[in-house]
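Asks: everything below, folded, please.
(one chain, ligands or ions: 3)
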Amino acid sequence: MTDDPISGGSAAGPTLESLGYSDRWRVLFEAQAKAGHVPARVLRSDRGIAIVAAAGGFVRAEPSARLRRDTDAGAPACGDWVVLDPAPTHRTALIEGVLPRSSAFTRGASDESSARQVIAANVDTVFVVHPIEPAPNLRRIERELALAWESGAIPVVVLTKCDVVDAAETERRVAGVGEVALGVDVLATSATAGTGIESSRAYAREGQTVALIGPSGVGKSTLINALLGEERQATREVRASDGKGRHTTVTRELVPLPGGGVLLDTPGMRAVAMIDAQDGIATAFADITALAEGCRFRDCTHTGEPACAVTAAVEAGELPEERLSSWHKLLREAQVAAMRTDARLRAEEERRWKHIHKSAREVYRLKGKDPGR
Ligand SMILES: Nc1nc2c(ncn2[C@@H]2O[C@H](COP(=O)(O)OP(=O)(O)OP(=O)(O)O)[C@@H](O)[C@H]2O)c(=O)[nH]1
Ligand SMILES: [Mg+2]
Ligand SMILES: [Zn+2]
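Replies: Numbers count the residues shown, from 1 in each chain. Ligands and ions are numbered 1, 2, ... in the order given. Okay, here's the model as predicted:
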(Lines give C-alpha, C1' and ligand atoms only; values in the text may rest on other atoms or scores of the structure.)
(Ligands and ions follow the chains in the order given, each with its own letter.)
Protein backbone atom coordinates (compact mmCIF):
# COMPACT_ATOMS: atom_id res chain seq x y z
CA MET A 1 0.00 0.00 0.00
CA THR A 2 1.22 3.47 -0.81
CA ASP A 3 1.04 6.71 1.08
CA ASP A 4 -2.17 8.66 0.72
CA PRO A 5 -1.78 10.00 -2.82
CA ILE A 6 -4.68 12.38 -2.68
CA SER A 7 -4.66 14.37 0.52
CA GLY A 8 -1.16 14.00 1.86
CA GLY A 9 -2.65 12.60 5.05
CA SER A 10 -1.42 9.66 7.03
CA ALA A 11 -0.38 6.54 5.15
CA ALA A 12 -2.55 4.49 7.48
CA GLY A 13 -5.69 6.23 6.17
CA PRO A 14 -9.12 5.99 7.74
CA THR A 15 -10.42 2.72 9.17
CA LEU A 16 -12.84 0.70 7.04
CA GLU A 17 -15.52 1.30 9.69
CA SER A 18 -15.18 5.08 9.46
CA LEU A 19 -15.66 4.70 5.70
CA GLY A 20 -18.93 2.91 6.35
CA TYR A 21 -17.85 -0.75 6.42
CA SER A 22 -20.54 -2.69 8.28
CA ASP A 23 -21.89 -6.23 8.66
CA ARG A 24 -23.83 -5.76 5.43
CA TRP A 25 -20.61 -5.21 3.48
CA ARG A 26 -18.75 -7.93 5.40
CA VAL A 27 -21.35 -10.53 4.41
CA LEU A 28 -21.42 -9.38 0.77
CA PHE A 29 -17.62 -9.27 0.66
CA GLU A 30 -17.22 -12.77 2.07
CA ALA A 31 -19.69 -14.11 -0.50
CA GLN A 32 -17.39 -12.95 -3.34
CA ALA A 33 -13.88 -12.89 -1.92
CA LYS A 34 -11.18 -15.47 -2.53
CA ALA A 35 -8.05 -16.03 -0.47
CA GLY A 36 -5.88 -12.92 -0.30
CA HIS A 37 -8.67 -10.53 -1.30
CA VAL A 38 -9.48 -7.53 0.90
CA PRO A 39 -12.45 -5.14 1.06
CA ALA A 40 -11.87 -1.56 -0.14
CA ARG A 41 -13.88 1.54 -1.00
CA VAL A 42 -13.52 3.57 -4.19
CA LEU A 43 -12.61 7.17 -3.33
CA ARG A 44 -12.19 8.26 -6.92
CA SER A 45 -12.56 6.65 -10.31
CA ASP A 46 -11.22 8.17 -13.47
CA ARG A 47 -11.36 6.37 -16.81
CA GLY A 48 -11.04 2.97 -15.21
CA ILE A 49 -8.26 3.87 -12.78
CA ALA A 50 -9.47 4.13 -9.21
CA ILE A 51 -8.01 5.29 -5.94
CA VAL A 52 -9.34 2.98 -3.25
CA ALA A 53 -9.06 2.93 0.53
CA ALA A 54 -8.40 -0.45 2.16
CA ALA A 55 -7.51 -1.29 5.75
CA GLY A 56 -3.80 -0.78 5.03
CA GLY A 57 -4.10 2.63 3.35
CA PHE A 58 -4.74 4.09 -0.09
CA VAL A 59 -3.86 2.36 -3.33
CA ARG A 60 -4.33 2.70 -7.09
CA ALA A 61 -6.51 -0.02 -8.55
CA GLU A 62 -8.07 -1.02 -11.84
CA PRO A 63 -10.81 -3.49 -12.74
CA SER A 64 -9.55 -7.00 -13.50
CA ALA A 65 -10.03 -8.31 -17.05
CA ARG A 66 -12.79 -10.57 -15.76
CA LEU A 67 -14.66 -7.65 -14.18
CA ARG A 68 -14.32 -5.58 -17.36
CA ARG A 69 -15.89 -8.41 -19.35
CA ASP A 70 -18.77 -8.64 -16.87
CA THR A 71 -20.77 -5.72 -18.27
CA ASP A 72 -23.61 -6.04 -15.73
CA ALA A 73 -21.40 -4.87 -12.89
CA GLY A 74 -20.33 -1.74 -14.75
CA ALA A 75 -17.20 0.24 -13.99
CA PRO A 76 -16.51 0.76 -10.29
CA ALA A 77 -18.02 4.11 -9.30
CA CYS A 78 -17.11 6.60 -6.62
CA GLY A 79 -18.39 5.19 -3.32
CA ASP A 80 -18.46 1.55 -4.41
CA TRP A 81 -17.31 -1.19 -2.06
CA VAL A 82 -15.10 -3.58 -3.98
CA VAL A 83 -13.27 -6.88 -3.66
CA LEU A 84 -9.60 -6.02 -4.04
CA ASP A 85 -6.64 -8.17 -4.94
CA PRO A 86 -3.81 -6.07 -3.48
CA ALA A 87 -1.47 -7.92 -5.90
CA PRO A 88 1.85 -7.07 -4.29
CA THR A 89 3.67 -8.16 -7.44
CA HIS A 90 1.93 -5.55 -9.60
CA ARG A 91 2.14 -1.81 -9.30
CA THR A 92 -1.63 -1.50 -9.46
CA ALA A 93 -4.08 -3.49 -7.36
CA LEU A 94 -6.94 -5.29 -9.12
CA ILE A 95 -10.63 -4.82 -8.46
CA GLU A 96 -12.10 -8.31 -8.73
CA GLY A 97 -15.71 -7.47 -7.91
CA VAL A 98 -18.14 -4.67 -7.06
CA LEU A 99 -20.42 -5.38 -4.08
CA PRO A 100 -24.17 -4.85 -4.70
CA ARG A 101 -24.97 -1.17 -4.10
CA SER A 102 -27.22 -0.01 -1.26
CA SER A 103 -28.01 3.14 -3.24
CA ALA A 104 -26.91 4.68 -6.51
CA PHE A 105 -27.30 8.22 -7.76
CA THR A 106 -27.35 7.81 -11.54
CA ARG A 107 -27.77 9.91 -14.61
CA GLY A 108 -28.68 8.94 -18.12
CA ALA A 109 -25.57 8.58 -20.23
CA SER A 110 -25.24 11.18 -22.97
CA ASP A 111 -24.56 8.31 -25.33
CA GLU A 112 -27.93 6.63 -25.77
CA SER A 113 -26.46 3.24 -26.53
CA SER A 114 -24.77 2.90 -23.17
CA ALA A 115 -26.26 2.37 -19.75
CA ARG A 116 -26.84 4.89 -17.01
CA GLN A 117 -23.82 6.37 -15.36
CA VAL A 118 -23.46 5.92 -11.61
CA ILE A 119 -22.42 9.26 -10.12
CA ALA A 120 -22.31 8.16 -6.49
CA ALA A 121 -22.74 4.72 -4.96
CA ASN A 122 -23.67 3.68 -1.43
CA VAL A 123 -24.71 7.14 -0.29
CA ASP A 124 -26.84 7.48 2.85
CA THR A 125 -27.75 11.16 2.54
CA VAL A 126 -27.83 13.42 -0.52
CA PHE A 127 -27.32 17.13 0.17
CA VAL A 128 -29.24 19.03 -2.50
CA VAL A 129 -27.22 22.26 -2.35
CA HIS A 130 -28.50 25.68 -3.47
CA PRO A 131 -27.51 29.21 -2.53
CA ILE A 132 -30.11 31.26 -0.63
CA GLU A 133 -29.62 34.11 -3.12
CA PRO A 134 -30.99 34.39 -5.78
CA ALA A 135 -34.14 32.85 -4.26
CA PRO A 136 -33.94 29.06 -4.73
CA ASN A 137 -35.54 27.63 -7.87
CA LEU A 138 -38.25 25.44 -6.37
CA ARG A 139 -38.86 23.54 -9.59
CA ARG A 140 -35.21 22.54 -9.81
CA ILE A 141 -35.28 21.48 -6.16
CA GLU A 142 -38.34 19.30 -6.81
CA ARG A 143 -36.51 17.64 -9.71
CA GLU A 144 -33.36 17.01 -7.67
CA LEU A 145 -35.38 15.66 -4.75
CA ALA A 146 -37.15 13.18 -7.03
CA LEU A 147 -33.78 11.97 -8.32
CA ALA A 148 -32.34 11.79 -4.81
CA TRP A 149 -35.26 9.71 -3.54
CA GLU A 150 -34.94 7.47 -6.59
CA SER A 151 -31.28 6.81 -5.70
CA GLY A 152 -32.29 5.12 -2.45
CA ALA A 153 -30.62 7.77 -0.28
CA ILE A 154 -32.38 10.29 1.99
CA PRO A 155 -32.30 13.86 0.63
CA VAL A 156 -31.66 17.02 2.65
CA VAL A 157 -31.88 20.51 1.13
CA VAL A 158 -28.89 22.64 2.12
CA LEU A 159 -29.19 26.38 1.48
CA THR A 160 -25.77 28.04 1.42
CA LYS A 161 -24.42 31.60 1.67
CA CYS A 162 -27.10 32.64 4.18
CA ASP A 163 -24.79 35.48 5.23
CA VAL A 164 -25.78 37.42 2.10
CA VAL A 165 -29.44 37.93 3.11
CA ASP A 166 -30.83 38.93 6.51
CA ALA A 167 -32.22 36.46 9.03
CA ALA A 168 -35.88 37.20 8.29
CA GLU A 169 -35.38 36.67 4.55
CA THR A 170 -33.44 33.45 5.25
CA GLU A 171 -36.35 32.22 7.33
CA ARG A 172 -38.86 33.07 4.59
CA ARG A 173 -36.87 31.27 1.91
CA VAL A 174 -36.26 28.21 4.11
CA ALA A 175 -40.02 28.04 4.68
CA GLY A 176 -40.67 28.40 0.94
CA VAL A 177 -38.36 25.48 0.17
CA GLY A 178 -39.98 23.49 2.99
CA GLU A 179 -43.31 23.71 1.16
CA VAL A 180 -41.97 21.76 -1.83
CA ALA A 181 -39.55 19.53 0.13
CA LEU A 182 -42.10 17.41 1.98
CA GLY A 183 -40.64 15.30 4.78
CA VAL A 184 -37.18 16.63 3.94
CA ASP A 185 -34.91 18.59 6.30
CA VAL A 186 -33.98 22.06 5.05
CA LEU A 187 -30.76 23.52 6.47
CA ALA A 188 -29.65 27.16 6.34
CA THR A 189 -25.87 27.38 6.28
CA SER A 190 -23.09 29.87 5.84
CA ALA A 191 -19.53 28.66 5.60
CA THR A 192 -18.41 32.27 5.93
CA ALA A 193 -20.31 32.94 9.16
CA GLY A 194 -19.95 29.36 10.39
CA THR A 195 -23.70 28.81 10.77
CA GLY A 196 -25.45 25.51 10.12
CA ILE A 197 -22.14 23.66 9.95
CA GLU A 198 -22.79 21.56 13.04
CA SER A 199 -26.29 20.61 11.87
CA SER A 200 -24.79 19.57 8.52
CA ARG A 201 -22.13 17.53 10.28
CA ALA A 202 -24.82 15.56 12.12
CA TYR A 203 -25.60 13.72 8.86
CA ALA A 204 -21.98 12.65 8.41
CA ARG A 205 -21.66 10.58 11.55
CA GLU A 206 -19.20 7.66 11.72
CA GLY A 207 -20.05 5.17 8.99
CA GLN A 208 -22.36 7.55 7.08
CA THR A 209 -21.81 8.82 3.53
CA VAL A 210 -23.13 12.22 2.44
CA ALA A 211 -23.02 13.26 -1.24
CA LEU A 212 -23.29 16.93 -2.22
CA ILE A 213 -24.99 17.73 -5.51
CA GLY A 214 -26.01 21.04 -7.06
CA PRO A 215 -25.01 23.59 -9.69
CA SER A 216 -21.46 24.90 -9.99
CA GLY A 217 -20.50 27.71 -7.64
CA VAL A 218 -23.16 27.07 -5.00
CA GLY A 219 -20.54 26.33 -2.33
CA LYS A 220 -20.36 22.53 -2.14
CA SER A 221 -16.58 22.36 -1.76
CA THR A 222 -16.58 25.36 0.60
CA LEU A 223 -19.05 23.54 2.85
CA ILE A 224 -16.90 20.42 2.76
CA ASN A 225 -13.87 22.47 3.82
CA ALA A 226 -15.89 23.97 6.67
CA LEU A 227 -16.84 20.46 7.81
CA LEU A 228 -13.23 19.31 7.49
CA GLY A 229 -11.88 22.36 9.25
CA GLU A 230 -9.24 22.75 6.53
CA GLU A 231 -8.95 24.07 2.98
CA ARG A 232 -8.65 20.70 1.30
CA GLN A 233 -11.06 21.07 -1.62
CA ALA A 234 -10.29 23.72 -4.21
CA THR A 235 -12.93 26.45 -4.33
CA ARG A 236 -13.24 29.48 -6.57
CA GLU A 237 -14.91 32.85 -6.85
CA VAL A 238 -18.08 32.83 -8.92
CA ARG A 239 -17.93 35.06 -12.01
CA ALA A 240 -19.44 38.40 -11.09
CA SER A 241 -20.78 38.96 -14.63
CA ASP A 242 -23.35 36.18 -14.68
CA GLY A 243 -23.10 34.64 -11.23
CA LYS A 244 -22.22 31.28 -12.79
CA GLY A 245 -19.54 29.06 -11.34
CA ARG A 246 -16.71 27.73 -13.43
CA HIS A 247 -16.67 24.07 -12.45
CA THR A 248 -13.91 24.28 -9.92
CA THR A 249 -14.40 20.69 -8.81
CA VAL A 250 -13.81 18.44 -11.81
CA THR A 251 -13.87 14.93 -10.36
CA ARG A 252 -16.17 13.18 -7.98
CA GLU A 253 -14.38 12.08 -4.87
CA LEU A 254 -14.96 10.72 -1.41
CA VAL A 255 -13.51 12.80 1.40
CA PRO A 256 -13.18 10.99 4.74
CA LEU A 257 -13.90 13.27 7.73
CA PRO A 258 -11.46 13.07 10.65
CA GLY A 259 -14.27 12.23 13.11
CA GLY A 260 -15.66 9.41 10.93
CA GLY A 261 -18.18 9.77 8.15
CA VAL A 262 -17.50 10.41 4.49
CA LEU A 263 -18.40 13.32 2.21
CA LEU A 264 -18.69 13.02 -1.56
CA ASP A 265 -17.82 16.17 -3.50
CA THR A 266 -19.16 16.39 -7.05
CA PRO A 267 -18.64 18.80 -9.92
CA GLY A 268 -21.56 21.16 -10.43
CA MET A 269 -24.33 19.87 -12.67
CA ARG A 270 -25.73 22.42 -15.10
CA ALA A 271 -28.98 20.70 -15.93
CA VAL A 272 -30.18 17.55 -14.31
CA ALA A 273 -31.75 15.24 -16.85
CA MET A 274 -34.62 13.13 -15.59
CA ILE A 275 -34.17 9.38 -15.59
CA ASP A 276 -36.85 6.73 -15.13
CA ALA A 277 -37.47 7.96 -11.59
CA GLN A 278 -41.19 7.34 -11.23
CA ASP A 279 -40.84 6.00 -7.67
CA GLY A 280 -38.66 8.96 -6.71
CA ILE A 281 -41.28 11.33 -8.13
CA ALA A 282 -44.04 9.57 -6.17
CA THR A 283 -42.05 10.09 -2.96
CA ALA A 284 -40.98 13.67 -3.69
CA PHE A 285 -44.63 14.50 -4.48
CA ALA A 286 -46.11 12.60 -1.54
CA ASP A 287 -48.92 15.21 -1.37
CA ILE A 288 -50.09 14.42 -4.92
CA THR A 289 -49.56 10.68 -4.39
CA ALA A 290 -51.83 10.84 -1.32
CA LEU A 291 -54.48 12.99 -3.02
CA ALA A 292 -54.56 10.61 -6.00
CA GLU A 293 -55.91 7.89 -3.69
CA GLY A 294 -59.15 9.87 -3.72
CA CYS A 295 -59.53 10.02 -7.52
CA ARG A 296 -62.40 8.00 -8.98
CA PHE A 297 -60.18 6.24 -11.52
CA ARG A 298 -57.17 4.31 -10.25
CA ASP A 299 -55.19 5.31 -13.37
CA CYS A 300 -56.34 8.94 -13.20
CA THR A 301 -53.81 11.24 -14.88
CA HIS A 302 -55.24 14.35 -13.16
CA THR A 303 -55.73 16.08 -16.48
CA GLY A 304 -59.46 16.72 -16.37
CA GLU A 305 -60.98 13.31 -15.62
CA PRO A 306 -64.26 13.44 -13.69
CA ALA A 307 -64.02 13.19 -9.87
CA CYS A 308 -60.28 13.87 -9.82
CA ALA A 309 -59.25 14.63 -6.23
CA VAL A 310 -55.98 16.22 -7.36
CA THR A 311 -57.46 18.86 -9.67
CA ALA A 312 -60.18 19.42 -7.05
CA ALA A 313 -57.42 20.22 -4.53
CA VAL A 314 -55.91 22.72 -6.98
CA GLU A 315 -59.31 24.36 -7.48
CA ALA A 316 -59.82 24.52 -3.71
CA GLY A 317 -56.45 26.25 -3.36
CA GLU A 318 -55.02 23.35 -1.33
CA LEU A 319 -52.42 22.32 -3.91
CA PRO A 320 -50.43 24.96 -5.82
CA GLU A 321 -51.04 24.70 -9.55
CA GLU A 322 -47.29 25.10 -10.28
CA ARG A 323 -46.62 22.04 -8.17
CA LEU A 324 -49.06 19.93 -10.17
CA SER A 325 -47.60 21.13 -13.48
CA SER A 326 -44.10 20.43 -12.16
CA TRP A 327 -45.27 16.89 -11.32
CA HIS A 328 -46.76 16.45 -14.82
CA LYS A 329 -43.56 17.67 -16.43
CA LEU A 330 -41.21 15.44 -14.41
CA LEU A 331 -43.43 12.41 -14.89
CA ARG A 332 -43.55 12.91 -18.65
CA GLU A 333 -39.76 13.20 -18.75
CA ALA A 334 -39.41 10.07 -16.61
CA GLN A 335 -41.75 8.17 -18.94
CA VAL A 336 -39.72 9.21 -21.98
CA ALA A 337 -36.52 8.14 -20.19
CA ALA A 338 -38.15 4.80 -19.33
CA MET A 339 -39.08 4.20 -22.96
CA ARG A 340 -35.53 4.98 -24.02
CA THR A 341 -34.17 2.54 -21.44
CA ASP A 342 -36.60 -0.12 -22.65
CA ALA A 343 -35.54 0.44 -26.26
CA ARG A 344 -31.89 0.17 -25.26
CA LEU A 345 -32.48 -3.03 -23.28
CA ARG A 346 -34.39 -4.54 -26.20
CA ALA A 347 -31.57 -3.65 -28.58
CA GLU A 348 -28.99 -5.15 -26.23
CA GLU A 349 -31.04 -8.32 -25.88
CA GLU A 350 -31.34 -8.56 -29.66
CA ARG A 351 -27.59 -8.15 -30.09
CA ARG A 352 -27.01 -10.85 -27.50
CA TRP A 353 -29.31 -13.28 -29.31
CA LYS A 354 -27.79 -12.50 -32.68
CA HIS A 355 -24.43 -13.33 -31.16
CA ILE A 356 -25.73 -16.60 -29.68
CA HIS A 357 -27.37 -17.64 -32.98
CA LYS A 358 -24.20 -16.80 -34.84
CA SER A 359 -22.10 -18.90 -32.46
CA ALA A 360 -24.59 -21.72 -32.74
CA ARG A 361 -24.47 -21.63 -36.56
CA GLU A 362 -20.70 -21.64 -36.32
CA VAL A 363 -20.78 -24.78 -34.19
CA TYR A 364 -23.18 -26.56 -36.59
CA ARG A 365 -21.03 -25.57 -39.55
CA LEU A 366 -17.91 -26.99 -37.91
CA LYS A 367 -19.75 -30.15 -36.94
CA GLY A 368 -21.06 -30.51 -40.48
CA LYS A 369 -17.56 -30.34 -41.87
CA ASP A 370 -16.33 -32.98 -39.49
CA PRO A 371 -17.45 -36.41 -40.82
CA GLY A 372 -16.23 -38.03 -37.63
CA ARG A 373 -19.15 -36.63 -35.60
N1 LIG B 1 -20.69 34.70 1.05
C2 LIG B 1 -20.48 33.40 0.99
N3 LIG B 1 -19.82 32.87 -0.06
C4 LIG B 1 -19.62 31.55 -0.10
C5 LIG B 1 -20.11 30.69 0.92
N6 LIG B 1 -19.80 29.41 0.59
C7 LIG B 1 -19.15 29.48 -0.59
N8 LIG B 1 -19.02 30.75 -1.00
C9 LIG B 1 -18.33 31.21 -2.22
O10 LIG B 1 -18.91 30.65 -3.38
C11 LIG B 1 -17.90 30.43 -4.37
C12 LIG B 1 -18.00 29.04 -4.97
O13 LIG B 1 -17.79 28.07 -3.96
P14 LIG B 1 -17.33 26.58 -4.27
O15 LIG B 1 -17.28 25.88 -2.95
O16 LIG B 1 -16.11 26.54 -5.11
O17 LIG B 1 -18.56 26.05 -5.14
P18 LIG B 1 -18.82 24.55 -5.67
O19 LIG B 1 -20.27 24.27 -5.47
O20 LIG B 1 -17.87 23.59 -5.07
O21 LIG B 1 -18.55 24.73 -7.24
P22 LIG B 1 -18.06 23.61 -8.32
O23 LIG B 1 -16.90 22.90 -7.73
O24 LIG B 1 -17.70 24.43 -9.53
O25 LIG B 1 -19.24 22.73 -8.57
C26 LIG B 1 -16.58 30.69 -3.68
O27 LIG B 1 -16.12 31.98 -4.08
C28 LIG B 1 -16.92 30.68 -2.22
O29 LIG B 1 -16.08 31.51 -1.46
C30 LIG B 1 -20.79 31.28 2.03
O31 LIG B 1 -21.25 30.63 2.97
N32 LIG B 1 -20.96 32.62 2.00
MG1 LIG C 1 -16.54 22.30 -5.89
ZN1 LIG D 1 -56.90 12.52 -10.49
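
Asks: the residue nearest to residue 155 when sequence neighbours are not counted in helix, strand or coil?
Replies: Take residue 155 and drop its neighbours on the chain: the residue closest to it by Cβ to Cβ, 6 or more residues apart in numbering is residue 148, 3.6 Å away. Quick note: C-beta positions are derived from backbone N, CA and C, even for glycine. Following DSSP: H, G, I helix; E, B strand; the rest coil, residue 148 is assigned to helix.

Asks: beta partners for residue 213?
Replies: Taking DSSP bridges as the rule, residue 213 bridges to residue 128.

Asks: no wait, residue 262
Replies: Applying DSSP bridges, one finds that residue 262 bridges with residue 209, residue 256.

Asks: for it, grab the count of nearby residues.
Replies: 26 (other Cβ atoms under 10 Å).

Asks: what of residue 333?
Replies: Residue 333 sits with 18 neighbouring residues when counted by other Cβ under 10 Å.

Asks: so it touches residue 271, yeah?
Replies: No: look at residue 333 against residue 271 with Cβ atoms under 8 Å: they stay out of range, at 11.4 Å.

Asks: re the thing from before, residues contacting the residue nearest to residue 155?
Replies: 105, 126, 128, 154, 155, 213, 280 (Cβ atoms under 8 Å, 6 or more residues apart in numbering).

Asks: looking at neighbours, which among those residues is most surrounded?
Replies: Of those, with other Cβ under 10 Å as the count, residue 126 tops at 30 neighbours.

Asks: contact partners for that one?
Replies: Neighbours of residue 126 in contact, by Cβ under 8 Å, 6+ apart: 105, 120, 148, 151, 153, 154, 155, 156, 210, 211, 212, 213.

Asks: which of those residues sits closest to residue 69?
Replies: In terms of Cβ to Cβ, no member of those lies closer to residue 69 than residue 120, at 24.8 Å.

Asks: the closest one: which element?
Replies: Take DSSP states H and E as the rule and residue 120 turns out to sit in strand 117-121.

Asks: what's the answer for residue 354, then?
Replies: Counting by DSSP H and E, residue 354 is found in helix 321-369.

Asks: is any part of that helix close to ligand 3?
Replies: No: if you take Cβ under 5 Å from the ion as the test, helix 321-369 misses ligand 3, and the best it gets is 9.9 Å.

Asks: and that helix, what does it pack against?
Replies: helix 138-151, helix 278-284, helix 286-292, helix 309-315 (3 or more Cβ pairs under 8 Å, 6 or more residues apart in numbering; DSSP states H and E).

Asks: circling back to that earlier point, and the contacts of residue 126 as TSV, adding distance to ligand 3 and pLDDT?
Replies: Formatted as TSV, the contacts of residue 126 follow (distance: Cβ to the ion, whole Å; pLDDT from 0 to 100):
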residue	distance to ligand 3	pLDDT
105	30	93
120	35	93
148	26	96
151	28	96
153	30	97
154	28	98
155	26	98
156	30	98
210	37	98
211	34	97
212	36	97
213	32	95
